[in-house]
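Let's see this in three dimensions:
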Amino acid sequence: MSFRPSLQCHRANLNTASFDTLIRVGRLDPKRAKALVQHRPYRSWDEIEQVPGFDRHVAYSLQESSYLGPSISGKSCDEFRMGPSLLGADHAK
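Have a look, this model is predicted:
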């Protein structure tokens, strides 16, 4: 089985990304990154606009570097990046 990361692996999931990832990938200042983490989960970009420090422009600019994925996922993008050899025998089949 080959593991292929989705295009979303190059973007941050706003529902699961760490504070540091939001700063790095989303190019957010610490205050906005903290606000995003505190107001999770998000189901729509309209909800992002309601977070303190955000407006339509900031939410729109985030869409280039992030997406609204599930708040709990089966596999992270890091698991796909590592490939089957680093994931253990279950995934190498």
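
Check which helix or strand residue 71 maps to.
For residue 71, there is no host helix or strand (DSSP states H and E).

Could you pull out the helices in this protein for me?
19-26, 30-38, 45-49, 56-62, 77-82, 84-87 (DSSP state H).

Compare those and report which one is nearest to residue 13.
Residue 13 sits nearest to helix 77-82 of all those, at 8.1 Å, using CB to CB. To be clear about C-beta, it is placed using only N, CA and C from the backbone, and glycine gets the same treatment.

Skip the chain neighbours and tell me the closest residue to residue 34.
residue 19 (6.6 Å; CB to CB, 6 or more residues apart in numbering).

From the structure, what's the count of residues near the one you found?
Using other CB atoms under 10 Å, the number of residues around residue 19 comes to 13.

pLDDT value on it, please?
With respect to pLDDT, residue 19 has a value of 94.
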